[in-house]
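Asker: 3D, please:
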Amino acid sequence: MRPAITISIIAALALSACGQSSDSNSGAGKDGAGDRPGITIPDGNLADADFRVKAGQYRTTVSIQKVVAEGLPPQITAAMPKQQSFEYCITPEQSAAGLEGVKQQMAKGNCQYESFQASGGKVDAVFTCNSGRGMDMRATSHGTYSDSGSDVAVVGDMVMAGGKSVHVEQSVRAERIGDCAK
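Answerer: Numbering: from 1, shown residues only. Prediction:
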């Protein structure tokens, strides 16, 4: 697998874990839990959790701080894009899905949370993904959230088919930039 594709996969999985998606027709999000008790997954009741992002147009920017890919010369990883942004619309229906929508988005990537805690505008999560094609990933994320965006640091470690490893450290910032285009 080419290194740029590997980075894109990690970014997409990280965004999925945060309830965002690079697919403009999907994605549910997270929102400020404010003073409400912390939300914990996987044991929590998702239907009762109020953890939603406002509907609207969003921009997500993924900034890569570090990439270490086993067997790849450092000059190749140094030449990879350091930042990528994309925009998408979160519909009122997707917003209303809250954490259940996040869980469904994770399942699309064969991912699940080992832990997820959110309270007082802070979020910490550990998630794993299995591509079914010999690629496994485990990532941790720590950051802040509100009902109009998030700023999360993600550290991911992947084992590719053939046993090669990839380590990525990145930040993922999502922000509401207005209403969805009609």
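Asker: List the residues that contact the nearest residue to T91 once chain neighbours are set aside.
Answerer: Among residues not flanking T91 along the chain, A55 sits closest, at 5.9 Å (C-beta to C-beta, 6 or more residues apart in numbering). Where C-beta positions appear, they are placed from N, C-alpha and C, glycine not excepted. Neighbour list for A55: I90, T91, P92, Q94, S95, C180 [criterion: C-beta atoms under 8 Å, 6 or more residues apart in numbering].
Asker: Equivalent analysis for K122, please.
Answerer: Shown in contact with K122 (C-beta under 8 Å, 6+ apart): H142, G143, T144, Y145.
Asker: and if we set it to 7 Å?
Answerer: Contact analysis of K122 by C-beta atoms under 7 Å, 6 or more residues apart in numbering lists T144.
Asker: any idea of the pLDDT on it?
Answerer: In this model, K122 is scored at 89, pLDDT.
Asker: Then the one 3 residues further on?
Answerer: For A125, the pLDDT comes out at 90.
Asker: Give me the buried positions along the strand or helix carrying it.
Answerer: Here A125 sits within strand 122-130, counting by DSSP states H and E. Of all the residues in strand 122-130, those buried under the rule 16 or more other C-beta atoms under 10 Å are V123, A125, F127, T128, C129.
Asker: how about the closest residue to the fourth one other than its chain neighbours, phi and psi?
Answerer: Counting by C-beta to C-beta, 6+ apart, the nearest residue to T128 once its immediate chain neighbours are dropped is R138, at 4.9 Å. Backbone geometry at R138, expressed as degrees, to the nearest 10, gives phi -130, psi 130.
Asker: Check the burial of R138 by counting its neighbours.
Answerer: 14 (other C-beta atoms under 10 Å).
Asker: A strand includes Y58, no?
Answerer: Yes: Y58 forms part of a strand when assessed by DSSP: H, G, I helix; E, B strand; the rest coil.
Asker: In this structure it contacts Y88, no?
Answerer: Yes: between Y58 and Y88 there is a contact under C-beta atoms under 7 Å: 5.8 Å.
Asker: Please say which of the two ends up with more neighbours.
Answerer: Y58 (26 against 20).
Asker: beta partners for the more buried one?
Answerer: Beta-bridge partners recorded for Y58 (DSSP bridges): Y88, R176.
Asker: list the contacts for it?
Answerer: Contact partners of Y58, counting by C-beta under 7 Å, 6+ apart, are E87, Y88, I90, A174, E175, R176, I177.
Asker: Quick check: it vs Q104, distance?
Answerer: 18 Å (C-beta to C-beta, to the nearest Å).
Asker: Just the strands from this protein, written as ranges.
Answerer: All strands of the chain, identified by DSSP state E, fall at 39-41, 56-69, 83-90, 111-119, 122-130, 136-146, 149-159, 165-178.
Asker: Nothing else from me, thank you.
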